[in-house]
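**Student:** With the input below, show me the fold.
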Amino acid sequence: MKHQILLWYKYVPIENPVHEMRELRRLCEALNLKGRIIIATEGINGTVEGTIKDTENFIKTTEKDPRFSGIHWKKSTGTGSAFPKLSIKVREEIVSMHLHENDIKPWSVTGKYLTPEELHSWFENKEEFYIVDMRNDYEHRSGYFEGSILPPLTNYRDLPKLLPMLKDLKDKKVLTVCTGGVRCEKASGFLVSNGFSEVYQLHGGIVSYMEKYPNEHFKGKLYVFDQRILMGFNTTDPSHEIVGKCEKCKEKSEHYINCDTIGCHRHFILCEKCIDKFGQLCPEGCQYARAKQRKNPVHPGSKANS
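**Tutor:** Take a look at the predicted model:
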């Protein structure tokens, strides 16, 4: 039985997110879908997996609601085990920027949509433009557009801190990119509202570009938030390039792990040789463990040392 993964979002006012959560849960459970969906008053953002028949029925049912018509559904081949369960939550935002009264509403202010075909043309014609990758830093370590600006974002809500770094681009042609479009849509509106004159967003995100132009101007693989971790297209082709590096030995690798220290959730690339040699721990020593030790030092003669 063939499975399919759906990635989608839409910024649209939702009056009663709790009601929408209940309705969506009923629908997903009836169709045996698993995945993650976030609902807020500003819209919906989700990734689910199921059989091709069930996911297509999910699309048909969802689009009967006028609010959710015109969604750009990103489809990819599933494994049947991309998600362990179904999680649907109500949050304040579908992507958290925590701007409060200065929050961006993408249906009123956002960058211009740029299709994958248009971006490919920009590359081929060597136009002058600047790509700003709006993903977290651990995501773009395994893949990125050539020549793109890769800000050291550890959390999306740190985006306002990037304005000084990008100030020289205010009068330039700027393109925001992310996995499926939800972050770059809001980020493009944020740049527009802060005086950037020519801002675009990649319609459908990096995943839509890679589907049409594998190994063309995007190097490496795309980080995804399910058990696949990395997603590539035509990776057996000689033109495919591995850009990820082991954080310990700096050799090329695409092997992501989580630190084994209880309580540390750091996610990073570590090659199998270094795992065998040093264990599945933060390469420079677990910062979480050091911070915990400073907070609760173990003194000589204590039970912990006996």
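**Student:** Straight-line length of stretch 133-144, end to end?
**Tutor:** 8 Å (Cα to Cα, to the nearest Å).
**Student:** The residue positioned nearest the centre of the chain: what's its closest spatial neighbour, skipping adjacent residues?
**Tutor:** Taking Cα atoms, centre = their mean, the centroid of the chain lies closest to residue 179, which sits 4.7 Å from it. Among residues not flanking residue 179 along the chain, residue 205 sits closest, at 5.2 Å (Cβ to Cβ, 6 or more residues apart in numbering). Yep, even glycine has a C-beta here, placed from its N, CA and C like the rest.
**Student:** Touching, the one you found and residue 47? I think so.
**Tutor:** No. Residue 205 lies out of contact with residue 47 (Cβ atoms under 8 Å); the separation is 11.9 Å.
**Student:** Look at the two and report which has more neighbours.
**Tutor:** Remark: of residue 205 and residue 47, residue 205 carries more neighbours, 26 against 23, as counted by other Cβ atoms under 10 Å.
**Student:** need the helices for the stretch 101-250 of the chain, in chain order.
**Tutor:** 116-124, 137-140, 163-166, 182-193, 205-212 (DSSP state H, counting those that start in this stretch).
**Student:** Give me the helices and strands touching the second one, please.
**Tutor:** Spelled out, that is helix 137-140. strand 222-223 (3 or more Cβ pairs under 8 Å, 6 or more residues apart in numbering; DSSP states H and E).
**Student:** where's the strand it packs on relative to the chain centroid, distance-wise?
**Tutor:** Centre-to-centre, strand 222-223 and its host chain are 8 Å apart (Cα atoms, centre = their mean, to the nearest Å).
**Student:** next one: stretch 36-54
**Tutor:** 14 Å.
**Student:** now stretch 108-120
**Tutor:** On Cα atoms, centre = their mean, the centre of stretch 108-120 falls 18 Å from the chain's centre.
**Student:** repeat for stretch 50-67
**Tutor:** 23 Å.
**Student:** just to revisit the earlier point, could you list every residue that touches the residue nearest to residue 179?
**Tutor:** By Cβ atoms under 8 Å, 6 or more residues apart in numbering, the contact set of residue 205 is 74, 177-182, 184.
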